[in-house]
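Trainee: Just to be clear, the model below is a prediction. Sequence and coordinates:
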Amino acid sequence: MNLGLGMDSQNDRQKLMDNALMGLEIGISAMIAILFLISPITEEVFAAASILIVLFCIIVSFKLFISNRDRDLKNMIKGLMSSLTIWMVVILIEVFFTSHFNIQYLMPVSEILMLAGYLPLIYYVHRLLIDNRDRFDGRLDRKIIPGYLFLILVILYYASSNIIPVKISYFDTLLLISYLIAGIIFLALSTKALLGRLEYRIKYFLVILTVFIFLNFLGDALNLIEVLRAVDTGGLPATFYSLGILYLTLSLLVFSFNNRNTSLIDDMSKKLNDTQRFTRDLMSQSPDAVSIFNNDGSMVSVNDSFLRIYNVTRHEVEGKYNLFTDWKALGLSSGSQAESLKKGNILALERCKPGIGKFKGGDFYSSLKIFPTYDSDGRMSGYVGISMDLSNNVGLESDIRCAHDKLRDEYERKLEFTGIAAQELKAPLTPILGCLDRVRSEIKDESQRQYLDIIERNAYRQKNIIDRMVELSRLDNGKISVRYDDVDPCGLANAILGNYSTYKRTTVNEIPSGTIIRTDKEKLHNILDNMISNAMKYSYDGSKVSIGLYEQGPEYIFSVSDTGRGIHPSDLERIFERFYIVDANNDKRECGRIGLGLALVKGYVQLLGGRVWLESTPGEGSTFYFSIPKHNDF
Ligand code: ADP
């Protein structure tokens, strides 16, 4: 599974690099071959071939470096590449620069460089030992170090007793001894590393390096013998050096070939591991219960959430349940449901009653989804079940239902109480209002009549409030029914406006005459009356009050506008609430305001199946709108 984005482009880049390096390898090999075909092979031709071989080794090493991920191996390769680069420079200096330019001091420089070439290798083996400290037996040092120290002492002793200064300078002798000592240090470190518990490929690479350095060491040792004892070795040291580099080249090629295969397998197994890890994490982190069934329907594995939700142990379920025989325990309602999965169907049950673990016999519920999985050939490979514990939800649901029932009962009781209370409050008012006219005819005194006016005004106000409360409570109780009629809205508006002729307002009825709509006439009257009454009350002498009607889709839209005082935006939202009065403290009493008119309007409009809203600008006026659905059944 390719889980990382950009992985493909990374692979492409790697392939491109591989091809480029392979091209270089082929080119260099061809050049080496051509050089060896030249006859006679002069020292320069031989040197050029050596340089090309070293370059070849560097390129193969570089290829290994980029294709490996192991940090230790990468470090070792880095060490080899650095050493080889230094030695390549040494050959260049020795063969070309010194002979061509005849610069004397270049020779010692190149010899010191040769010694420096050992350092990267020594450094990285040393680092390998430090980084993997826990993989080595510390007691080994006591055997290896004295052994190699002894070897160094032998060399030093041998050299000091055999110097023939005529043949070689002290400086050169010292250098030769240093080469040998550097070689011994490397060999000592690599021996220790090879005895540790390192990964196979690192050991393999170390063996290559060790044999290569050992061959060089032999060459150096023979060289020392040759110069100190004036023995003619017949060019044996050079043979060892050539053997060393040849061995290195071939071994690196074999290693890189093996590495190609192992890194391919490594890559694949890493991807497989990643996929497995991803699936495992996904499964274990899922809050839902996940169960995996094989192709025969046997439950092979479940996640931790499954164990927690069903309150079971792994041992109790894995391998114990089968999708096709234990369908009931798993929450399916019939065997055919399970069978339908075999046809590739997905099963989704919103609420089922499984019989596993804590669900056994209990009144618990879960949701369940089971779907088939397929292998890369498209064959069904098993089934995955995902379930969620709903028992809490079911409990919560019944709690909410219970609370809702309680609230509804209480609300209905309150409605009933309001209705009864309003009726009871209204009852004594009727005889009071009835008596008022008789009392008025009997009272002659003007001041007493004024008192009577106050009583009358307040009694009517009280009656008005109670009437509205009764009406609202009937609306709430659903006791008001709708009686459809063919209504002439223009005539209705004119009649209502006529009732307000005492108000000094310019009234405009913009409802097209002749329009007939089907609705409840009484309710429409009440709505318009409330709105027009407000338009009159909350505007000034000379203000304009207009009524309009237009059709919009399936609705009639009525509007009642005035050029009165308007309503502040902050009051717009609450204006239809019961007993809500704008600027209540100022002029409540004077206008006889009670804040129930618009609440009633809203109730009526909703009863007729419409909506109500308004637009207003303080100081400029308001427009109230309401809609009435069209009824085409006449
Ligand atoms: P009431 O008129 O009895 O106070 P309403 O429910 O009819 O009660 O109105 C609520 C409040 O809305 C009123 O008190 C008034 O402040 C405001 N209001 C209603 N209609 C208008 C209007 N056309 N212009 C300005 N204010 C209005």
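Mentor: Thanks, I have the structure now. Numbers count the residues shown, from 1 in each chain.

Trainee: in terms of contact, does Pro237 touch Val227 like I think?
Mentor: No: judged on Cβ atoms under 8 Å, Pro237 makes no contact with Val227 at a distance of 9.8 Å. C-beta here means a position set from N, CA and C on the backbone, and glycine is covered the same way.

Trainee: ok, now which ones touch Ile91?
Mentor: Ala47, Ser50, Ile51, Val54 (Cβ atoms under 8 Å, 6 or more residues apart in numbering).

Trainee: where exactly do the strands run in this structure?
Mentor: Here the chain has its strands, by DSSP state E, at 289-294, 299-302, 347-352, 366-374, 380-389, 484-487, 506-509, 517-520, 544-552, 555-562, 612-617, 621-629.

Trainee: want to try CSV for those, with mean neighbour count as columns?
Mentor: Listed next are the strands of the chain as CSV, based on neighbours: other Cβ atoms under 10 Å:
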stretch, mean neighbour count
strand 289-294, 21
strand 299-302, 18
strand 347-352, 14
strand 366-374, 18
strand 380-389, 18
strand 484-487, 14
strand 506-509, 16
strand 517-520, 20
strand 544-552, 17
strand 555-562, 21
strand 612-617, 16
strand 621-629, 21
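
Trainee: I'd like these as CSV, with distance to Phe579 appended.
Mentor: As requested, these are exported to CSV (distance: least, Cβ to Cβ, whole Å):
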stretch, distance to Phe579
strand 289-294, 54
strand 299-302, 61
strand 347-352, 45
strand 366-374, 47
strand 380-389, 47
strand 484-487, 30
strand 506-509, 29
strand 517-520, 26
strand 544-552, 25
strand 555-562, 22
strand 612-617, 18
strand 621-629, 19
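
Trainee: can you tell me which of the ones you listed the model trusts least?
Mentor: Mean pLDDT per stretch puts strand 347-352 lowest among the strands of the chain, at a mean of 82.

Trainee: Can you list the helices and strands that that one packs against?
Mentor: helix 335-342, strand 366-374 (3 or more Cβ pairs under 8 Å, 6 or more residues apart in numbering; DSSP states H and E).

Trainee: need the contact list for the residue of the stretch 301-450 of the chain found nearest the ligand.
Mentor: Residue nearest to the ligand within the stretch 301-450 of the chain: Ala422 (16.6 Å; Cβ to the nearest ligand atom). By Cβ under 8 Å, 6+ apart, the residues touching Ala422 are Ile466, Met469, Val470, Ser473.

Trainee: For those residues, which two are the farthest from each other?
Mentor: Using Cβ to Cβ, the pair of the contacts of Ala422 lying farthest apart is Ile466 and Ser473, separated by 10.3 Å.

Trainee: Could you dump the helices and strands packed on strand 347-352 into a markdown table with distance to Thr418 added?
Mentor: As requested, the helices and strands packed on strand 347-352 are exported to a markdown table (distance: least, Cβ to Cβ, whole Å):
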| stretch | distance to Thr418 |
| --- | --- |
| helix 335-342 | 53 |
| strand 366-374 | 44 |
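
Trainee: Could you dump those into a markdown table with distance to the ligand added?
Mentor: Formatted as a markdown table, these follow (distance: least, Cβ to the nearest ligand atom, whole Å):
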| stretch | distance to the ligand |
| --- | --- |
| helix 335-342 | 59 |
| strand 366-374 | 49 |
